[in-house]
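Novice: Need a 3D model of the following:
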Amino acid sequence: MIKYMVILLIFVFSVSWTSPAWAMMCRNYEGHEICILSIKRSAKKYWEYQASVSVDGVKTPVEIYNCRGRFKLQKDGKVIQFTQNSPGEVICSFFKK
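Specialist: Reported below is the predicted structural model:
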């Protein structure tokens, strides 16, 4: 009887244990796989997102994506306009108002 209880307990614990969820959103966009690795919305400027993305497996540092002005602000202060196939277009398309 104890043997069956132990087996039942092992089964219950193995079924109830879940692996952590990955909060990564990926999209195939114009032949590229663009994944949002981390994202944080600005409380003051709701159209801005701080995000880290990967394009075809290459990770980028956290940058500020401005969906209103259609540009990104890099850590060094450089402003780059979105291009047609840019990760900024994907981020802004995920999170429309």
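
Novice: Need the three-state assignment for the nearest residue to Y49 once chain neighbours are set aside.
Specialist: Leaving aside its sequence neighbours, Y49 sits nearest to Y65 (CB to CB, 6 or more residues apart in numbering; 4.8 Å). C-beta coordinates here come from the backbone N, C-alpha and C atoms, glycine included. State at Y65, reduced to three classes by DSSP: H, G, I helix; E, B strand; the rest coil: strand.

Novice: give me the number of residues near Y65?
Specialist: Other residues near Y65 come to 26 when the count uses other CB atoms under 10 Å.

Novice: Return the longest helix in this protein, judged by number of residues.
Specialist: When the chain is parsed with DSSP state H, its longest helix is helix 2-16.

Novice: what's the following helix or strand after that one?
Specialist: Using DSSP states H and E, the helix or strand that directly follows helix 2-16 along the chain is strand 25-29.

Novice: So which elements touch that next one?
Specialist: Contacts defined by 3 or more CB pairs under 8 Å, 6 or more residues apart in numbering; DSSP states H and E place strand 25-29 against strand 32-41, helix 87-94.

Novice: Can you give the strand pairings for that strand, parallel or anti for each?
Specialist: Take DSSP bridges as the rule and strand 25-29 pairs in its sheet with strand 32-41 (antiparallel).

Novice: between the strand it pairs with and helix 87-94, how big is the angle?
Specialist: Here strand 32-41 runs at an angle of 60 degrees relative to helix 87-94 (axes from the mean of the first three to the mean of the last three CA atoms, to 10 degrees).

Novice: Point out where this structure drops to low pLDDT.
Specialist: Residues of the chain that meet the criterion pLDDT under 70 lie in 13-24, 95-97.

Novice: Any idea which residue is closest to the centre of it?
Specialist: Centroid check for the chain by CA atoms, centre = their mean gives I36 as the closest residue, at 2.8 Å.

Novice: so how far is the first residue of stretch 29-46 from its last?
Specialist: Stretch 29-46 stretches 24 Å from its first residue to its last (CA to CA, to the nearest Å).

Novice: which residues touch that stretch?
Specialist: 23-28, 48-57, 59, 62, 64, 66, 84-85, 87, 89-91, 94-95, 97 (CB atoms under 8 Å, 6 or more residues apart in numbering).
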